[in-house]
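Engineer: Sequence and predicted structure are below.
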Amino acid sequence: MARAWHLLNRPQGLPTTDDFALRELPDAPIERDQLRVRNRWLSVDPYMRGRMNDAKSYTASFQLDQPMTGGAVGEVVESRMDGFAPGDLILHMGGWRDGGIIGLDMSPFKLPAEALGAGMPPQTFLHNMGLTGGTAWIGLLRIAAAKPGDTVFVSAAAGAVGSAVVQIAKAREMTVIGSAGGAEKCAWVKELGADAVVDYKTGPVLDGLGDALSALGKPGIDVYFDNVGGEHLDAAFWAANDFARFAICGMIDVYNDGKAQAMKHIIRAIPARIRMEGFIYTDQFFDCMEEFYADMGGLIASGAVTMRETVHDGLEATPDAFLGLFAGTNIGKMLVRL
């Protein structure tokens with residue numbers, strides 16, 4: 001019998017393992033437009049923290065004492081849905097569980113046979129060929145309209161989205177400054193091709209960004225890709241060139257404490273004519289899906305874009321993997337392998 005993690009409480013601040021419970025899912029024959037799946041990989045992502053609140057947002061809140069959902073790669077065991085057959089590997093939103101019955105509401109998508117045949121690991125569709133890679137690609141190239149020659153500042157550059165931004169920007173001949181926490185993460189961001197790295201654990205972000213710009217001979221940044229908010233966002237206001245573009249993807253600094261962010265340098269948004277836009281992956285993805293798959297697939301095949309994976313094993317490890325995102329225990333994409 002399949003099992004799924006359920007949300008027991010609305011967390012106040014950082015969630016704890018007491019906020020989750022692992023329970024069996026009821027078994028039943030599948031009906032028309034349903035699949036029975038066996039999951040192989042689960043994704044945990046920072047946006048899931050917002051879904052634990054009972055608040056209006058761009059995606060529905062998790063319901064208390066109900067199975068949670070998220071990105072997953074699984075194998076079809078039984079099918080009554082057109083276009084899917086047993087043995088197919090699929091991407092779907094029936095995560096936080098080891099399998100069970102899913103329907104059209106879980107957005108099943110069959111992984112391209114040509115990609116799998118070329119040796120692409122299935123879990124790539126949970127990062128560089130999926131949500132995080134798509135978020136990086138859309139935010140950098142569509143929202144921020146980044147172009148060759150731009151100077152790009154990326155926060156959380158050792159995370160799944162940030163590391164993809166670094167590599168896409170370098171593939172398009174941009175100068176990239178990444179921010180990460182700690183020597184190991186900073187070294188990896190440098191390996192990805194970043195021209196300079198700010199270690200936010202060693203001092204103020206603004207000082208580190210200023211030093212990086214001076215070392216590179218750059219007057220400021222043209223693009224800021226924000227995954228963090230707070231001090232990083234304020235430093236980006238300070239460093240922005242005229243007509244800079246900010247793509248606001250996430251603000252993990254405040255997901256758990258809910259405190260207002262103090263912006264000392266936001267006034268520069270006016271004289272620098274900064275354009276700042278928040279965005280959600282699904283708003284644009286389906287309009288550019290084919291272009292994204294072709295471009296990102298080529299970058300991965302050429303070796304221009306790679307990913308490190310931080311893997312937890314077993315369904316029981318899912319909450320720990322999720323909480324590890326906020327403790328910074330991951331380098332690259334955080335995954336659960338079943």
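Structural biologist: The structure has been received and is ready for your questions.
Engineer: Okay, now the unreliable bits of the stretch 101-250 of the chain?
Structural biologist: In the predicted model, the stretch 101-250 of the chain carries no residue with pLDDT under 70.
Engineer: For it, just list every one of the strands.
Structural biologist: With strands called from DSSP state E, counting those that start in this stretch, the stretch 101-250 of the chain shows them at 109-110, 151-154, 175-180, 196-199, 221-226, 240-248.
Engineer: Need the winner for burial among those.
Structural biologist: strand 151-154 (a mean of 30; mean count of other CB atoms under 10 Å). Bear in mind the C-beta positions are built from the backbone N, C-alpha and C, glycine included.
Engineer: Contacts made by that strand with the rest, please.
Structural biologist: Strand 151-154 is contacted from outside by 140, 146, 162, 165-166, 169, 174-179, 194, 209, 213, 216, 218, 220-225, 227, 236, 239, 241, using CB atoms under 8 Å, 6 or more residues apart in numbering.
Engineer: Name the residues of stretch 120-134 that come out as buried.
Structural biologist: Residues of stretch 120-134 classed as buried by neighbour count (16 or more other CB atoms under 10 Å): 120, 122-134.
Engineer: Pull the CA coordinates from it and hand them back as PDB.
Structural biologist: Taking C-alpha atoms only, stretch 120-134 is exported to PDB below (Å, rounded to 0.1, in the frame of the first residue of the first chain):
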ATOM      1  CA  MET A 120      19.800  11.900 -19.400                       C
ATOM      2  CA  PRO A 121      19.000  10.800 -15.800                       C
ATOM      3  CA  PRO A 122      15.300  10.900 -15.200                       C
ATOM      4  CA  GLN A 123      15.700  13.100 -12.100                       C
ATOM      5  CA  THR A 124      17.100  15.900 -14.400                       C
ATOM      6  CA  PHE A 125      13.400  16.700 -15.100                       C
ATOM      7  CA  LEU A 126      13.200  17.700 -11.400                       C
ATOM      8  CA  HIS A 127      16.000  20.200 -11.800                       C
ATOM      9  CA  ASN A 128      17.700  21.500 -14.900                       C
ATOM     10  CA  MET A 129      15.100  20.200 -17.300                       C
ATOM     11  CA  GLY A 130      12.200  20.900 -14.900                       C
ATOM     12  CA  LEU A 131      11.000  23.500 -12.400                       C
ATOM     13  CA  THR A 132      14.300  24.900 -11.300                       C
ATOM     14  CA  GLY A 133      16.000  25.000 -14.700                       C
ATOM     15  CA  GLY A 134      12.800  26.500 -16.200                       C
END
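Engineer: could the strands of the stretch 101-250 of the chain go into CSV alongside distance to Leu14?
Structural biologist: CSV is the format used below for those (distance: least, CB to CB, whole Å):
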stretch, distance to Leu14
strand 109-110, 32
strand 151-154, 25
strand 175-180, 21
strand 196-199, 23
strand 221-226, 21
strand 240-248, 22
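Engineer: Between those strands, which one is closest to Val311.
Structural biologist: Proximity to Val311 (CB to CB) singles out strand 175-180 among these, at 19.6 Å.
Engineer: That closest one to strand 221-226, inter-axis angle?
Structural biologist: Relative orientation of strand 175-180 with respect to strand 221-226: 30 degrees, computed using axes from the mean of the first three to the mean of the last three CA atoms, to 10 degrees.
Engineer: Quick one: list the elements packing against strand 175-180.
Structural biologist: strand 151-154, helix 160-171, helix 183-191, strand 196-199, helix 205-216 (3 or more CB pairs under 8 Å, 6 or more residues apart in numbering; DSSP states H and E).
Engineer: center of this structure - which residue?
Structural biologist: Closest to where the C-alpha atoms of the chain average out (CA atoms, centre = their mean) is Thr132, at 3.7 Å.
Engineer: show me the contacts for the closest residue to that one other than its chain neighbours.
Structural biologist: Nearest non-adjacent residue to Thr132, counting by CB to CB, 6 or more residues apart in numbering: Ala160, 3.9 Å away. Residues in contact with Ala160 (CB under 8 Å, 6+ apart) are Asp45, His127, Thr132, Met307, Asn330, Gly332, Lys333, Met334.
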